[in-house]
Structure formats: structure tokens, C-alpha cells
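Asker: Pasting the sequence and the predicted model now:
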Amino acid sequence: QVQLVESGGGSVQAGGSLRLSCAVSGRTFDSRAMGWFRQAPGKERELVASISWSGGNFYYADSVKGRFTTSRDNAKNTVYLQMNNLKPEDTAVYYCAAAPPGTYSSQNAADFRSWGQGTQVTVFS
């Protein structure tokens, strides 16, 4: 069973940047699409970005397009979420998630079955 561990959350002033990392265990990382989700208090969890196993295909939610960038390093079994120009409405717990092996890419939240523990991102004005 794959394990995912996020890091890099914290508090930042609006307009600032944070970079989240997600380290993934196991030998199947490079055959899985990866996703980043967030959940704000009182709201449903939403998919904000995903990346194909090759790193060549991406999905971004409209709310983060142009500000967030996801990337991956298959040699390090790690996926990243670079968040720039952060806004108070970006405040949430951020989760990385993995699709099953063999899933090249996905924009469907239901495809992501394995989850990290989450990391808090707080943006203050």
C-alpha cells in the first residue's frame, strides 16, 4: 500500500508563496497520476491540480490557474505544488493523492484513491 507524506504548509501573507511537497513510498510512483486537493472549513474537498505520470499533462482548477503549478520528480518519488500570489481564500488543508497504478492522468477526483495526512496552509491579509 502506498504512503504519502505532505510537507511545506504554513502561514503566509496574501501575495506570498509556498511550495508543498509530497513524498510517496513504493515502486509504482511513476505509473500513477497524482493530484492535489484542498478542503476549507465548512466546504467540500476539491481537486485543485493534477499531473500525469510522465509530468507532461496537467489539470488546474479555475480558481488557481496562473498561480499554482504542479510538478513531479519520478526519481525522487515526489510531487510538488508551487503556490504563488496566495489569497486568503486559498486557506485550507491541502492533501496530495495518488491514482492507482496505470492511471496516466485524471481530472476526476474519484480516481484518486490513496491520500496523505494533509498540511495546513493559512493565508492572512
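Answerer: Structure's in. What do you need? Bear in mind the structure is a predicted one, so any value in this text is a computation, not a measurement.
Asker: if I've got this straight, G56 is in a strand?
Answerer: No: the assignment for G56, made by DSSP: H, G, I helix; E, B strand; the rest coil, is coil rather than a strand.
Asker: State the pLDDT value of it.
Answerer: Note on G56: pLDDT of 94.
Asker: count of neighbours near it?
Answerer: Using other CB atoms under 10 Å, G56 has 9 other residues around it. The way it works is simple: take the backbone N, C-alpha and C, and place the C-beta from them, glycine included.
Asker: Now do the contacts for it.
Answerer: Contacts for G56 (CB atoms under 8 Å, 6 or more residues apart in numbering) come out as none.
Asker: for stretch 115-125, which positions count as buried?
Answerer: With burial defined by 16 or more other CB atoms under 10 Å, the residues of stretch 115-125 counted as buried are W115, G116, G118, T119, V121, V123.
Asker: residues in contact with it?
Answerer: 4-14, 16, 18, 20, 22, 38-39, 83, 86-97.
Asker: The same query, at a cut-off of 6 Å, please.
Answerer: Residues from elsewhere that reach stretch 115-125, judged by CB atoms under 6 Å, 6 or more residues apart in numbering: 4-6, 9, 11-12, 14, 22, 86, 88, 90-91, 93-97.
Asker: Ok, stretch 28-42 next?
Answerer: Contact with stretch 28-42 is made by 45, 47-53, 74, 77, 79, 81, 92-99, 101-103, 105-106, 112, as judged by CB under 6 Å, 6+ apart.
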